[in-house]
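Undergrad: When you get a sec, could you give me coordinates for this:
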Amino acid sequence: MDNPIEEIKSKIDIIEFLSSYIDLKKTGRNFKAICPFHQEKTPSFVISPERQIWHCFGACQEGGDIIKFLMKWENITFYEALRELAQKAGVKLKQVDFEDKTWKRKEKIIEINSLAANFFAYVLEKTAFGKKAMDYLALRKINQKTVRNFQLGYAPVSWHSLLDFLVKKKFTASDIGETGLLVKGDRGNYYDRFRGRLMFPIKDLRGNIIGFSGRMIEGKDTEAKYVNTPETPVYHKRETLYGIDLAKEAIKKTGNVFLVEGEFDMISPYQHGFENFVAIKGSAVTREQLMLLKRYTNRVTLTLDNDEAGEEAAKRGIESAEELELETQVVSFDFAKDPDEAIKADPIQFKKTLEVPLPIYDFIITNLQKKYPGNDPYSKKKIGEEISVYLGRIKNPIIKSHYVKKIAAILDVTENTIESLIRTVKKKTKPPIYVKNKPDASKERYSLIQKYLLSLIFQSETPYEISETIFSVLTVEDFDIPAYQKILNIFFGLKDKKHGVKEIAASLPEELRPVFDEVYLYADSQATFSSENLSRLIYQLKKYSLKKQISGLLSGKKDEDAESDNKIKELNRALNEVEKKLSAL
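TA: Down below sits the predicted model:
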């Protein structure tokens with residue numbers, strides 16, 4: 001096969017490939033699933049094994065082939081996805097003729113980061129400059145195997161040692177600066193960002209080094225304890241989880257992930273065999289981080305620092321977790337300040353604590369009782385008001401009812417009182433509503449019927465036979481979307497050749513193929529239209545088309561325009577006939 005892209009797609013079955021990521025359900029000739037790229041309860045994600053394509057008919061409206069799926073799933077460029085799939089399919093990419101500038105830019109940053117990690121690791125393990133950092137790691141009880149497993153390193157106390165090393169590797173200061181490893185001074189000169197720091201390479205899902213975190217070992221007290229890579233084309237703090245490359249399989253296997261705050265809080269448990277730990281980057285759990293974890297599990301256990309900051313970080317993650325319908329729990333160590341300290345202090349107790357996590361809302365209630373320990377009405381009022389903010393966000397009615405009963409019992413009030421308080425608090429915190437102009441419902445239905453009828457034609461094993469039924473009433477002009485008219489004209493132009501859907505798709509120009517793919521899969525997403533009478537839909541479309549034509553003539557009509565008057569009368573007679581047909585159906 002001359003085209004390696006088509007060869008890859010022919011060797012990797014889309015159903016088998018996608019089913020390793022999401023749950024698929026067969027519906028007739030195609031498959032359906034809950035879309036993995038946005039929140040939904042009713043499946044709107046349709047996959048065609050015959051045509052090896054997918055499309056979401058829900059909120060995100062995305063679609064494509066296995067390459068596009070992997071690009072979105074992994075948040076990678078076209079070439080990255082193609083290269084990964086080529087390796088899986090055993091296909092060589094020598095003949096691919098395109099330029100992926102985004103990938104080339106990312107590839108260069110990742111290559112520089114990889115060289116920098118090697119430099120830091122060498123300084124840590126092979127030079128006297130790294131002795132203080134190695135002593136510090138020994139103090140933290142991190143063994144040599146773990147040091148190498150996580151590619152830990154050391155940035156020496158120097159303004160340009162890394163810069164000099166990378167320049168010798170034929171990279172310019174400007175190239176290196178794009179990685180965040182350098183800082184550009186006021187005079188335009190570059191110098192090393194990380195100096196005198198223990199270095200933690202930060203990796204993406206596939207193990208590419210996308211950034212660094214540096215913990216101060218040598219420096220002034222006024223300097224930040226930790227310094228991280230700034231935002232770059234490959235590193236985005238909100239989307240990043242430290243250790244995800246090593247933990248993802250364990251997360252999938254156990255059906256749970258322990259979310260911690262710092263690198264050592266992830267590394268120490270991992271060293272002791274607890275592999276489903278990852279660390280957040282930043283001070284709060286973000287929606288993007290939770291979306292990433294949702295690919296592997298629906299249960300997240302927050303294992304944050306045992307202090308006020310840890311508690312606040314847990315609370316900030318609740319809203320996103322609730323929106324994503326994640327089962328959220330909390331582990332808190334009463335014998336240590338964080339997971340790193342806890343596992344070193346008592347590994348057995350550490351394991352026991354992990355086994356009895358507290359549901360997130362119980363955790364909040366417990367902390368509020370500690371915060372307001374009094375049994376007086378004002379303490380109860382404060383507990384009620386603060387917990388109501390969280391209870392109002394619970395989507396599941398069973399879970400919500402459980403906590404309404406629980407807090408009512410704790411505060412010794414009725415459940416109605418708590419429900420009333422939730423409504424009051426919700427009103428106070430509700431953002432303003434901006435009313436948008438509603439779309440014309442009839443016009444929208446008109447467009448959807450067009451798409452549905454075309455989908456029925458192209459999904460049929462005998463497309464030209466079903467088209468005869470539909471176009472005994474309709475004409476190509478009744479389809480007012482230009483792309484649909486173009487597709488239909490090409491379709492009817494091939495009628496004598498009796499082509500199937502693959503040949504029809506192949507005959508379309510490149511710009512029409514995404515439209516055709518969406519139309520082709522649309523019927524399987526539509527429970528509404530599929531339950532309606534086909535003849536009724538055909539005549540409804542004719543009715544909409546005739547009304548639109550009449551309206552267009554009336555708006556452009558000049559006084560005493562006999563030709564327009566006759567045309568309007570003709571269209572009105574046709575409209576009356578169509579309405580009679582609809583009444584009879």
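Undergrad: And stretch 213-230, what's buried?
TA: By neighbour count with 16 or more other CB atoms under 10 Å, stretch 213-230 contains the buried residues 213, 214, 215, 216, 217, 218, 227, 228, 229. Backbone N, C-alpha and C define where each C-beta goes, glycine included.
Undergrad: swap in stretch 372-383?
TA: Neighbour-count burial for stretch 372-383 flags 372, 379, 380, 383 (criterion: 16+ other CB under 10 Å).
Undergrad: and if you look at stretch 199-215?
TA: 199-205, 208-215.
Undergrad: Tally up the residues packed near residue 177, please.
TA: Number of residues near residue 177 (other CB atoms under 10 Å) recorded here: 18.
Undergrad: Do a quick rundown of the helices in the stretch 401-550 of the chain.
TA: For the stretch 401-550 of the chain, the helices defined by DSSP state H, counting those that start in this stretch occupy 415-429, 441-459, 463-470, 482-493, 501-507, 513-522, 527-530, 534-556.
Undergrad: quick one: low-confidence parts of the stretch 1-150 of the chain?
TA: Filtered on pLDDT under 70, the stretch 1-150 of the chain yields the residue ranges 1-2, 94-100.
Undergrad: Same check on the stretch 251-400 of the chain?
TA: Applying pLDDT under 70 to the stretch 251-400 of the chain picks out residues 306, 310.
Undergrad: where do the strands sit along it?
TA: Assigned by DSSP state E, counting those that start in this stretch, the stretch 251-400 of the chain shows strands spanning 257-260, 277-280, 299-302, 327-330, 358-359.
Undergrad: export the ones you listed to a markdown table and tack on distance to residue 537?
TA: Output for these, formatted as a markdown table (distance: least, CB to CB, whole Å):
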| stretch | distance to residue 537 |
| --- | --- |
| strand 257-260 | 47 |
| strand 277-280 | 50 |
| strand 299-302 | 44 |
| strand 327-330 | 42 |
| strand 358-359 | 48 |
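Undergrad: any idea which of the ones you listed is most buried?
TA: strand 257-260 (a mean of 27; mean count of other CB atoms under 10 Å).
Undergrad: picking that back up, winner for burial among the helices of the stretch 401-550 of the chain?
TA: Note that of the helices of the stretch 401-550 of the chain, helix 513-522 is the most buried (mean count of other CB under 10 Å), with a mean of 21.
Undergrad: what sits up against that one?
TA: 30, 46-48, 51, 53-55, 57, 63-64, 451-452, 454-455, 458-459, 483-484, 487, 501, 504-505, 508 (CB atoms under 8 Å, 6 or more residues apart in numbering).
Undergrad: cool, stretch 218-232 as well?
TA: So stretch 218-232 is contacted by 109, 132, 157, 178-181, 193-197, 202, 210-216, 235, 237, 281 (CB under 8 Å, 6+ apart).
Undergrad: Could you do stretch 394-408 as well?
TA: With contacts defined as CB under 8 Å, 6+ apart, stretch 394-408 is touched by 322-323, 325, 361, 365, 383-384, 387, 391, 414-415, 417-419, 422.
Undergrad: Could you rerun that using 10 Å?
TA: Contact partners of stretch 394-408, identified using CB atoms under 10 Å, 6 or more residues apart in numbering, comprise 41, 318, 322-323, 325, 327, 359, 361-362, 364-365, 368, 380, 383-384, 387-388, 390-393, 413-419, 421-422.
Undergrad: Would you format the helices of the stretch 401-550 of the chain as TSV with distance to residue 242 and mean pLDDT included?
TA: Output for these, formatted as TSV (distance: least, CB to CB, whole Å; pLDDT from 0 to 100):
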stretch	distance to residue 242	mean pLDDT
helix 415-429	32	88
helix 441-459	45	87
helix 463-470	53	90
helix 482-493	46	92
helix 501-507	44	84
helix 513-522	37	91
helix 527-530	43	67
helix 534-556	54	88
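Undergrad: Format the ones you listed as CSV; extra columns: distance to residue 23.
TA: Below are the helices of the stretch 401-550 of the chain laid out as CSV (distance: least, CB to CB, whole Å):
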stretch, distance to residue 23
helix 415-429, 33
helix 441-459, 23
helix 463-470, 31
helix 482-493, 32
helix 501-507, 26
helix 513-522, 18
helix 527-530, 19
helix 534-556, 31
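Undergrad: looking at those, which is closest to residue 337?
TA: Residue 337 lies closest, by CB to CB, to one member of the helices of the stretch 401-550 of the chain: helix 415-429, at 32.0 Å.
Undergrad: name the helices or strands packed onto the closest one?
TA: Applying 3 or more CB pairs under 10 Å, 6 or more residues apart in numbering; DSSP states H and E, we find helix 415-429 packed against helix 377-391, helix 397-411.
Undergrad: Next, the angle helix 397-411 makes with it.
TA: 110 degrees (axes from the mean of the first three to the mean of the last three CA atoms, to 10 degrees).
Undergrad: just how off-centre is helix 415-429 within its chain?
TA: A distance of 32 Å separates the centroid of the chain from that of helix 415-429, by CA atoms, centre = their mean, to the nearest Å.
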